[in-house]
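In: Kindly return the folded structure for what I paste below:
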Amino acid sequence: MLFRILRVGPVLLLISSTILLGFSEERGKIALSSALLLEGRFGKPGKPFDTPDEAQEFYRLKRAPVGQQAIPVERYIAADDQMKLMSLYSSATNSFAPTLGSWTPLGPGNIGGRTRALVIDRLNTAVMYAGGVAGGIWKSTNGGASWNPKGDLLPNLAVCSLAMDPTNSSVLYAGTGEGFFNFDAVRGAGIMKSTDAGETWSQLNGPNRDKFYYINDIVIAPSGHVYAAARSGVWRSTNGGGRLD
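Out: This is a model prediction of the structure:
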């Protein structure tokens, strides 16, 4: 009697084949083939169940206009601007209202994300701003003890870089989009600017918005020139972000 030991994943199989009879060799071949078949099916990792690349492509096909490869994020910005002009309607009073009730956050508030940027007011170090990849812009006025969201209605919340004007701390720039080639990178929508310490924001970039999907860093020189490092290269503005070249 001859015994053969085969490994099938974490399991060891003990296979016997009689070599004294004329048909025993064929039986051994059948047993060996069965064991190898089991090893091929269960001993090696199979094809992943999910296909994230195909899912992302399906997402793009559903939203991109016919004949275009990229989703035109500027249409989200136009829709947001149009929404601001619409009348507010209160379902509580069944009537139009100049303002609606405020929201109260219910949490959770102890879950962090990818915070890519942090700037501190050099004249008042208790004031600081943080940029989150999926959380937008947050501001603290008590040295980080508590934070409040600023710009929750921005057309893009994937904030990857922040910069504060060294001559005017009320002027801030926020770059959107992760350009670090990580697998879960979020695409941005250019550069946002605030002139009132983060209370309101406006979009910059001009017509070439596809060049500003990923802004990794922003630097403001003492001269007031603004420099932005994007995947498409380094851009400069000499008029406060009005034009980037």
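In: Make sure Ser87 is actually in contact with Thr99.
Out: No. The pair Ser87 / Thr99 is not scored as a contact, 11.4 Å apart, by C-beta atoms under 8 Å. In short, each C-beta sits where N, CA and C put it, glycine included.
In: and Trp201, how many residues sit next to it?
Out: By other C-beta atoms under 10 Å, the residues close to Trp201 number 22.
In: What of Ile137?
Out: Using other C-beta under 10 Å as the criterion, Ile137 is surrounded by 24 other residues.
In: cool, Ser170 as well?
Out: 13.
In: where's the closest residue in space to Val159 that isn't next to it in sequence, which helix or strand?
Out: Closest residue to Val159 apart from its sequence neighbours, by C-beta to C-beta, 6 or more residues apart in numbering: Gly131 at 3.5 Å. Using DSSP states H and E, Gly131 sits within strand 128-132.
In: Pull out the buried positions in that strand.
Out: Buried positions in strand 128-132, judged by neighbour count with 16 or more other C-beta atoms under 10 Å: 128-132.
In: Relative to Thr51, which of those residues is nearest.
Out: For the buried residues of strand 128-132, the closest approach to Thr51 (C-beta to C-beta) belongs to Gly132, at 28.4 Å.
In: Okay, and the beta partners of Ser95?
Out: With DSSP bridges applied, the residues forming beta bridges to Ser95 are Ser90.
In: Hmm, it is touching Ser87, no?
Out: No. Contact criterion C-beta under 8 Å: Ser95 and Ser87 do not qualify, at 10.3 Å.
In: Show me the protein divided up by domain.
Out: Listed domain ranges for the chain are 2-42, 113-245 (source: automatic domain parsing).
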